[in-house]
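Student: Next one to model:
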Amino acid sequence: MIAIGIGCRRGASQAAIAAMIEQTLALTRTLNESVRLFSIEAKSGEAGLVDAAQAMNLPLEFLPAASLREVEDKIANPSRHAAAAFGVASVSEAAALAGAGPGARLIAPRMVGNGVACAVAQGSGR
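Tutor: Presented below is the predicted three-dimensional model:
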C-alpha cells in the first residue's frame, strides 16, 4: 500500500493540493499498489484538501496527532513550522508513515510547493 501524507497551509487551494498529489503519484506509478491519502486531524476542515481527494477519487483519512508522533523517529526532514503548529516534526512524512502502517518506510521524503507538502510511504496498511 502507498500512503501519501499531506500537509498544507490554511486555505490552500484544491488546485495546489491536487498538483502536489499528482507530483507524488508520478513517483509511485510503477508500483502496482493501492494509494491512500493521510493528514493530521487538525486539517479535517481544509476544504481544498477534502475537495482534491474527492476530485481525484482517492480515499482521505485524518489521523490524530498522537499517531503521527509515534513515527517521528522515521522522519527524514523535520519541519519547525509543523512542530510549532501541531506538535509533530513533519505532518506530511508522519502522516504517510502512520497511514502506511507498521513497518512503513518513506519512499519519497517531503516535497513542498505552493503551500502544500507531500511525502510518500510504503507499507502493509493500517
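Student: C-alpha from now on. contacts and neighbour counts both.
Tutor: OK.
Student: Mind listing the strands the lengthiest strand in the chain pairs with, and their directions?
Tutor: In the chain, assigned by DSSP state E, the strand with the most residues is strand 105-113. Sheet pairing for strand 105-113, assigned by DSSP bridges, gives strand 116-122 (antiparallel).
Student: before we move on, the earlier item: mind listing what's buried in the longest strand of the chain?
Tutor: 105-111 (16 or more other Cα atoms under 10 Å).
Student: and if you look at stretch 6-17?
Tutor: Buried residues in stretch 6-17, counted by 16+ other Cα under 10 Å: 6-8, 12-14, 16-17.
Student: Straight-line length of that stretch, end to end?
Tutor: 8 Å (Cα to Cα, to the nearest Å).
Student: who does the helix ranked longest in the chain touch, helix- and strand-wise?
Tutor: Secondary structure of the chain per DSSP state H: the longest helix is helix 14-28. If contacts are counted by 3 or more Cα pairs under 8 Å, 6 or more residues apart in numbering; DSSP states H and E, helix 14-28 sits against strand 2-8, helix 47-55, strand 105-113, strand 116-122.
Student: Which one of these lies nearest to Val35?
Tutor: strand 2-8 (4.7 Å; Cα to Cα).
Student: quick check: angle from the closest one to helix 47-55?
Tutor: Angle of strand 2-8 versus helix 47-55, following axes from the mean of the first three to the mean of the last three Cα atoms, to 10 degrees, is 150 degrees.
Student: shaky segments in this structure?
Tutor: Applying pLDDT under 70 to the chain flags the ranges 29-32.
Student: 80 - rerun?
Tutor: Scanning the chain for pLDDT under 80 picks out the ranges 27-33, 126.
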